[in-house]
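A.B. asks: below are the sequence and a predicted model for it; my questions follow.
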Amino acid sequence: MKDLSLHIIDIFQNSVSAKATKIELLITENTERDELLMQFKDNGIGMSTEMVNNVTNSFYTTRTTRKVGLGIPLLKRNAELTGGDFSITSELGVGTEINVRFKHSHIDRQPFGDLAGAIVLTATSYPKTRFIYQHQKDGMEYIFDTDEINEVLDGISIQSPDVVLMLKELIESNLEEIRVKK
Amino acid sequence: MEKIKSLADLKKRQESLKSKIDLRDRANDPESHIQVKVSMSTCGIASGAKHTMEILIQEFNRHKIDAIVTQTGCMGFCFAEPTIEVRKPGSEPIIFGYVNEEKAIEIIEKYVLNDILVEGIIPANYQSIDNK
């Protein structure tokens, strides 16, 4: 994965497979403490303790099409490369939570990449799922919530190509406002 | 046009958009639209499926084609990523492999607009994750 936005799409996809109806992502950048935190939360079907212990193993997957599952192991490794860490907790029937910590200034810390694109392309792919994306940077904050967006759209599908491009612009200009670097 | 910065700006655009597009609810009637699914699990994402998806949305918008482009899970063709499935109303879905930017444009211009098949089709004896 070249940047963090691609990891985000990947992890969202896991939540979607877990039949989540609400997926939350909180990114916190704290330059003073030189930390970058990403917290993913979903209300999907959750996992058993055994499965939670296995997901960071590259040779574990629920897929039947092939024998490896690299999404989570790659994210974990990339966080650890910067001196950060990774944790995952899950409860059957309740949901899953992933916490990833990166050292913000570390040379191996991947750039964010196209965050707005990652959020919008996933959120508009699954219109029945509520996506909440919150980005905090040194006390400034932006929140994107598809429930609010759908209210404003008032009947127009969130999947119209026009809307997809508009939403991308909305997130991009707000991230610029709170000085998030790509 | 002014940049969209707030929900209020979005609302303004929504109003002008509302008069432009017809208000059939796609969610209730997805069969009447062209549907494109982009395989986006770890393998697809790492091969550039996000870029492919963005190009598809841009191109459909440019050609003013009412299409729904969405993500989907792994289709099992990890060797041929990025992979997309194109379903035109009334015809069987077709899966294309190795869809980079050029290929995506070619598929829209040839297959979607003019019904000409292009290279790179993956035969349809597959089962997708969704109907297992």
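C.D. replies: Here it is on my side, so go on. Numbering: from 1, shown residues only, chains lettered A, B, ... in the order given.

A.B. asks: hey, let's count contacts and neighbours off CA atoms from now on
C.D. replies: Fine.

A.B. asks: so how many other residues sit close to residue B:6?
C.D. replies: By other CA atoms under 10 Å in any protein chain shown, 12 other residues sit near residue B:6.

A.B. asks: I meant residue A:1, not that one.
C.D. replies: Neighbour tally, residue A:1, other CA under 10 Å: 18.

A.B. asks: now it, nearest residue through space, not along the chain?
C.D. replies: Once flanking residues are discounted, residue A:1 sits nearest to residue B:46: 5.6 Å by CA to CA, 6 or more residues apart in numbering or on different chains.

A.B. asks: tell me where the model's unsure across the chain.
C.D. replies: Because you didn't say which chain, this covers chain A. A:64-68 (pLDDT under 70).

A.B. asks: sorry, should have said chain B
C.D. replies: B:1, B:20-31, B:124-132.

A.B. asks: now it against chain A: closest residue?
C.D. replies: residue B:70 (4.4 Å; CA to the nearest CA).

A.B. asks: buried ones in the longest helix anywhere in chain A?
C.D. replies: In chain A, taking DSSP state H as the definition, the longest helix is helix A:161-177. Of all the residues in helix A:161-177, those buried under the rule 16 or more other CA atoms under 10 Å in any protein chain shown are A:161-175.

A.B. asks: just those residues that are near chain B?
C.D. replies: Checking the buried residues of helix A:161-177 against chain B by CA under 8 Å from any CA of the partner chain, the ones in range are A:161, A:162, A:166, A:169, A:170, A:171, A:173, A:174.

A.B. asks: these two touch, right, residue A:11 and residue A:71?
C.D. replies: Yes: with contacts counted by CA atoms under 8 Å, residue A:11 reaches residue A:71, the gap being 7.1 Å.

A.B. asks: all the helices of the chain, in order from the start?
C.D. replies: By default, I'm working from chain A. Along chain A, the stretches classed as helices by DSSP H are A:4-17, A:49-54, A:71-81, A:115-125, A:146-153, A:161-177.

A.B. asks: that's the wrong chain, I wanted chain B
C.D. replies: Under DSSP H, chain B gives helices at B:7-20, B:42-46, B:49-62, B:101-106, B:113-114.

A.B. asks: out of these, nearest to residue A:118?
C.D. replies: helix B:49-62 (7.7 Å; CA to CA).

A.B. asks: tell me the buried residues in that closest one?
C.D. replies: Result for helix B:49-62 [16+ other CA under 10 Å]: buried residues B:49, B:50, B:52, B:53, B:54, B:55, B:56, B:57, B:58, B:59, B:60, B:61.

A.B. asks: quick one: buried residues of stretch B:104-117?
C.D. replies: Those would be B:104, B:105, B:106, B:107, B:108, B:109, B:112, for stretch B:104-117 by 16+ other CA under 10 Å.

A.B. asks: from start to finish, how long is that stretch in a straight line?
C.D. replies: Using CA to CA, to the nearest Å, one end of stretch B:104-117 lies 13 Å from the other.

A.B. asks: tell me the residues of chain A that contact chain B?
C.D. replies: A:1-2, A:6, A:9-10, A:13, A:17, A:65-66, A:70-71, A:118, A:121-122, A:124-126, A:149, A:152-153, A:155-157, A:159-162, A:166, A:169-171, A:173-174.

A.B. asks: just give the nearest non-adjacent residue to residue B:78, would you?
C.D. replies: Per CA to CA, 6+ apart, closest to residue B:78 is residue B:43, 5.9 Å.

A.B. asks: pull the contacting residues for the one you found.
C.D. replies: Listed by CA atoms under 8 Å, 6 or more residues apart in numbering or on different chains, the contact set of residue B:43 reads B:74, B:78, B:81.

A.B. asks: again with residue A:17
C.D. replies: Taking CA under 8 Å, 6+ apart as the test, what residue A:17 contacts is residue B:73.

A.B. asks: please apply the same query to residue B:50.
C.D. replies: A:6, A:118, B:40.

A.B. asks: neighbours of the first one, how many?
C.D. replies: Other residues lying near residue A:6 total 28 when counted by other CA under 10 Å.

A.B. asks: and stretch B:39-53, how far apart are its ends?
C.D. replies: 9 Å.

A.B. asks: so how far is it from its chain's centroid?
C.D. replies: How far stretch B:39-53 lies from its chain's middle: 13 Å, per CA atoms, centre = their mean, to the nearest Å.
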